[in-house]
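S.K.: have a look at this prediction, sequence included:
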Amino acid sequence: MSRKVRIFALILLYFLTCGKSCNDREQFDAFHEQQRAKEKSDSLVASFKTDTLSATALLQ
């Protein structure tokens with residue numbers, strides 16, 4: 001009986017230590033980093049984008 005308990009305990013310990021964590025912090029950080037990069041690129045595009053061309057730009 002003791003041998004079965006030890007084997008069961010080792011299997012349980014294996015699953016507990018090798019199991020995937022419930023903490024998805026890495027995915028959360030990666031997603032928010034992508035969002036920040038997208039916001040920055042959208043901000044740059046919006047700042048350099050104009051609705052009309054200036055007179056000097058039309059003459060060139």
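M.R.: On my side now, so go ahead. Numbers count the residues shown, from 1 in each chain.

S.K.: show me where pLDDT drops low in this protein?
M.R.: 21-24, 50 (pLDDT under 70).

S.K.: which residues of it fall in helices?
M.R.: 2-18, 25-48, 55-59 (DSSP state H).

S.K.: identify the residues contacting residue 32.
M.R.: Going by CB atoms under 8 Å, 6 or more residues apart in numbering, residue 32 touches no other residue. In short, each C-beta sits where N, CA and C put it, glycine included.

S.K.: quick one: it from residue 16, how far?
M.R.: For residue 32, the distance to residue 16 equals 29 Å [CB to CB, to the nearest Å].

S.K.: now do residue 2
M.R.: Taking CB to CB, one finds residue 2 at 21 Å from residue 16.

S.K.: swap in residue 42?
M.R.: 44 Å.

S.K.: swap in residue 54?
M.R.: Residue 54 is 67 Å from residue 16, by CB to CB.

S.K.: also residue 34?
M.R.: Counting by CB to CB, the gap from residue 34 to residue 16 is 32 Å.

S.K.: then residue 5?
M.R.: In terms of CB to CB, residue 5 sits 16 Å off from residue 16.

S.K.: list the contacts for the spatially most central residue of the chain?
M.R.: In the chain, the centroid-proximal residue (CA atoms, centre = their mean) is residue 30; its distance is 1.8 Å. Not one residue lies near residue 30 by CB under 8 Å, 6+ apart.

S.K.: relative to residue 31, how far out is residue 38?
M.R.: Residue 38 is 11 Å from residue 31, by CB to CB.

S.K.: what do you get for residue 8?
M.R.: 39 Å.

S.K.: check residue 45 too.
M.R.: Distance from residue 45 to residue 31, by CB to CB: 21 Å.

S.K.: how many neighbours does residue 55 have?
M.R.: 6 (other CB atoms under 10 Å).

S.K.: that one: what's it in contact with?
M.R.: No contacts exist for residue 55 under CB under 8 Å, 6+ apart.

S.K.: also residue 36?
M.R.: Residue 36 neighbours (CB under 8 Å, 6+ apart): none.
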